[in-house]
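# For reference, the sequence and a predicted model appear below.
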Amino acid sequence: MPKRKHIQEIISSGGWKQVAFPKPFSVEEAGGEAFEGLIEIEELTDYEIGYADQPIKKLKEKPVDGEDVQPSKKKLRAEKRKEERRDAKKLVKAKKLSAAVASANSGEVDSTAAIVSTHPKKLKKPPAEPEIRPLKSILKKAKPIPAESEDLLDIPVPATPDEEGSDSDWEDDTGDIDDDEEGLNEITDEGMGEDEGEPIDMSKWEQLNVSEPILKALREMKFATPTAIQESCLPAAIRSRKDIIGAAETGSGKTLAFAIPILQNIMEDKATEPAEREPYLRALIITPTRELAAQIVKHVTAVGKYTDVTTCLVVGGMFKEKQDRLLKKQPDIVIATPGRLYEHIQNQTPYLQTLTSIRYLVIDEADRMVEAGHFKELTNIMEIFAADARAAAKRQTFVFSATLAMEVDTAITGRKKPMKRPAKTAEETDRISGLYSVLGLKTGAKLVDLSKPEGTAGSLVERRLPCTLKDKDYLFYYLLMTEATGRVIVFCNSLDCVRRLHGVFSYLLTETGRTPLVLHAGMHQKQRLKNLERFQANPKAVLLASDVASRGLDIPDVQFVIHYQVPRKPDLYVHRSGRTARAFKVGSSVLLVDPSDAPASEKILRCLHRDRDFPLVEVDSRMLRFAKERVDLARQIDVVEHALRKESSQDEWYLKAAEESDLVLDKQERKKLEIQKGDGRSRQSKQAKSLKRAMKQLLAQPLRSRMPGFSHQYPALNFAKQKLGFA
Ligand SMILES: Nc1ncnc2c1ncn2[C@@H]1O[C@H](COP(=O)(O)OP(=O)(O)OP(=O)(O)O)[C@@H](O)[C@H]1O
């Protein structure tokens, strides 16, 4: 319904002028009684109307060129009339206010006062009269007033919806609306600029000394509060510039716990250094995987968006020449994997020749980085750093991981009763103290260990599904069909396992819109990144991965992690599971435990201080039957497709070899090969087609209609327990 417009005032610079009628005026014709007694009709010339929602800003005066602008007599009369009206209004308002105050003091509710409070527009006045201020603005601004200074306007009148946003003073008070006049008026009409969203209170970050450019980015990212690890690390890292050893659960924001101090400290360094100083490499962040390095670049760039700090990614699988070009731009921070970084050092890439003088060093996933036998290059790099003692003394080092404080080398046999973990100091913790010497940490480093004995994220739901090797695929698909229906990461211990699962489930999952993607170290880097992008783009995607994806990857909304094979090391279990339940969101992890996995599973429980096994996944036997039916068909398709692929590649190889050695194949041989190339005529090809048709039919049948009475609630029947004798 259109809003009725309230006329606030009419200002005229003209005068009243008689309206002439072409014929004598007739009361009857004009509408009868309403016009009785009418003598003449006059119209007001040259006026402007002010509506409640559109007040008059200023009367426009149009001076004639070369003339002094003198107000006409008519104009002066109009001004006078306007002033008289204003005075009269003020008087009425003042009386009403006095009445309101009197009634407020006496505890009575005065209806007149209520009207005043609900129509603050009527309190509007020219700026020259500050003694009458809109109630709402006063109430909003009201601070406790000492008894003796209480004045007439301190009336506790609640705001009404009508008042909301109807007064520009009120909006000025909020302090977060553009103070442009036009804008204010627009917002007044719409009511407090709802589109702007709630202002974000960043005071928690401010208390940690985070500077404005970083605050601005955090505000945009809607990160209103620091996480516990950030809260604990930032003061020591920013104010005291201490070395930091940080351990906290997966997905708890460790990246920003080092990224913010580094950005902030670099900004401060730049501000205090002579402007003419040549750019130099200030910080180095080393991570175990390329994907993680690329992700850290993104995080640092996002939070450093409003700073002048620059970054560069240096990882394997990228053209070295391109990296050389990027390094020539003299970035402030290099984020690298150890192998490629060391290659650059050996090749004497000019910008990295000043590497030892870096002020900030981060070793992310540090426990993995210093593991014996891994990252030999890192040891070499650390030796280069250690050689310059003066630079080392000035350097601030950050060492982070979710499993930094975990004792992972517990023997597989002989389950011990979990012991209460004693509090650790930096030097007491074996794994951590090892880092001191390897990474050249200074004494007095701040140890922030927020990791819990149970190791995994608090918001993670952990379960297990015992199975035989034969049933593993069925139960795996059962999970994908029933519970793990969102974005899922499936971890395997070997590349062979990843490849096999991809083969078996490729067609089946693709048909249900969940094309499985693979990620392992044996792939081209470009394909790795592409698959990760595709995984992030599909909310139902399934990623079949090796442990290259287990650490650090922060993919939003991963609903489920399935350990198709139990990891052989407990810290890997923590990291794999940590790809879900990130940033305190809920997520699930299931261990598929076949008999060969049992010892590793035991080890995990022991290391993570669990006194009982993970709870079991409940399995609905009827649903499992459908899973079996589909998986069996999928396996057949895989066998035939595999044979086809093999044949086709053999033929191609044969033809190519024949071509290269100028062998002339006779017609018959060529024909035979072409038939076998599988263009729909070969036996396997036909078989594959018919199997796929069968699969389509199977998938087209809604599960519910095939199971009368099935309610999609899983009855408490545990097929696995019963069938496999784990009950
Ligand atoms: N203060 C914050 N408020 C809200 N979200 C945050 C905050 N800090 C970080 N995050 C988000 O939380 C997620 C996890 O952060 P991050 O990747 O740094 O975790 P992590 O502790 O390094 O995990 P992992 O141990 O697996 O490497 C990211 O998406 C990050 O953007």
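Noted; the coordinates are in hand.
# residue ranges with poor pLDDT in the stretch 151-300 of the chain?
151-197 (pLDDT under 70).
# Spell out the residue ranges of the strands in the stretch 151-300 of the chain.
All strands of the stretch 151-300 of the chain, identified by DSSP state E, counting those that start in this stretch, fall at 244-247, 283-286.
# The ligand: which of those is closest?
strand 244-247 (8.8 Å; C-beta to the nearest ligand atom). Using the backbone N, CA and C atoms, a C-beta is placed for each residue, glycine as well.
# still on that earlier bit, I'd like the strands of the stretch 151-300 of the chain as JSON lines, with mean neighbour count appended.
Shown next, in JSON lines, are the strands of the stretch 151-300 of the chain (neighbours: other C-beta atoms under 10 Å):
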{"stretch": "strand 244-247", "mean neighbour count": "27"}
{"stretch": "strand 283-286", "mean neighbour count": "25"}
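# so where's the stretch 301-450 of the chain uncertain?
If you take pLDDT under 70 as the line, the stretch 301-450 of the chain has these spans: 372-373, 408-431.
# Which single residue of it ends up nearest the ligand?
Relative to the ligand, the nearest point of the stretch 301-450 of the chain is residue 402 (3.9 Å; C-beta to the nearest ligand atom).
# my read: that residue touches residue 573, true?
No: contact criterion C-beta atoms under 8 Å: residue 402 and residue 573 do not qualify, at 11.3 Å.
# what touches both of these two?
Listed as contacting both residue 402 and residue 573 by C-beta atoms under 8 Å, 6 or more residues apart in numbering are residue 455.
# The residue of the stretch 301-450 of the chain closest to the ligand - nearest residue in space that isn't next to it in sequence?
Counting by C-beta to C-beta, 6 or more residues apart in numbering, residue 402 lies nearest to residue 250, which is 4.6 Å off, once chain neighbours are set aside.
# Got phi/psi on that neighbour?
For residue 250, the backbone dihedrals (degrees, to the nearest 10) come out as phi -60, psi 140.
# mind giving me the domain ranges of this protein?
What the TED database lists as the domains of the chain is 204-268+277-415+427-449, 455-703+715-726.
# Dump these to CSV, plus distance to residue 198.
CSV is the format used below for those (distance: least, C-beta to C-beta, whole Å):
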stretch, distance to residue 198
domain 204-268+277-415+427-449, 10
domain 455-703+715-726, 20
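# Check which residues of stretch 449-463 are buried.
449, 450, 451, 455, 456, 457, 460, 461, 462, 463 (16 or more other C-beta atoms under 10 Å).
# where does the stretch 101-250 of the chain come near the ligand, residue by residue?
Within the stretch 101-250 of the chain, the residues that sit near the ligand (C-beta under 6 Å from any ligand atom) are 223, 225, 226, 227, 230, 250.
# next one: the stretch 251-400 of the chain
Counting by C-beta under 6 Å from any ligand atom, the stretch 251-400 of the chain sits next to the ligand at 251, 252, 253, 254, 255, 256.
# What residues does the fourth one make contact with?
Which is residue 254. Residues near residue 254 by C-beta under 8 Å, 6+ apart: 229, 246, 248, 364, 400, 401, 402.
# Let's see which of the residues you listed end up in helices.
Mapping the contacts of residue 254 onto helices (DSSP state H) picks out residue 229.
# Among the contacts of residue 254, which one sits closest to residue 376?
residue 364 (18.1 Å; C-beta to C-beta).
# Can you tell me who that closest one pairs with across the strands?
For residue 364, the beta-bridge partners are residue 400 (DSSP bridges).
# What about it, how many residues nearby?
Residues lying near residue 364 (other C-beta atoms under 10 Å) number 25.
# And residue 535, by the same measure?
24.
# what do you get for the one 3 residues further on?
Number of residues near residue 538 (other C-beta under 10 Å) recorded here: 14.
# likewise residue 512?
Residues near residue 512, counting by other C-beta under 10 Å, number 14.
# same thing with residue 556?
Residue 556 has 10 nearby residues by other C-beta under 10 Å.
# One more: the one 5 residues further on?
By the measure other C-beta under 10 Å, the count of residues near residue 561 is 27.
# That one contacts residue 576, correct?
Yes: counting by C-beta under 8 Å, residue 561 touches residue 576, with 5.9 Å between them.
# Show me whatever sits in contact with both of those two.
Shared contacts of residue 561 and residue 576, defined by C-beta under 8 Å, 6+ apart, are found at 489, 491, 589.
# who's in contact with the closest residue to the second one other than its chain neighbours?
Yep, that's residue 491 we're talking about. Among residues not flanking residue 491 along the chain, residue 576 sits closest, at 4.8 Å (C-beta to C-beta, 6+ apart). Neighbour list for residue 576: 489, 491, 547, 550, 561, 563, 567, 589 [criterion: C-beta under 8 Å, 6+ apart].
# Quick check on these: which are buried?
489, 491, 547, 550, 561, 563, 567, 589.
# name the element the first one belongs to?
Same thing as residue 489. Residue 489 is part of strand 487-491, with elements assigned from DSSP states H and E.
# The fifth one now?
Assigned by DSSP H and E, residue 561 belongs to strand 558-563.
# Run a quick neighbour tally on residue 278.
Close neighbours of residue 278, defined as other C-beta under 10 Å, add up to 6.
# Give me the phi and psi for it.
Backbone geometry at residue 278, expressed as degrees, to the nearest 10, gives phi -60, psi 140.
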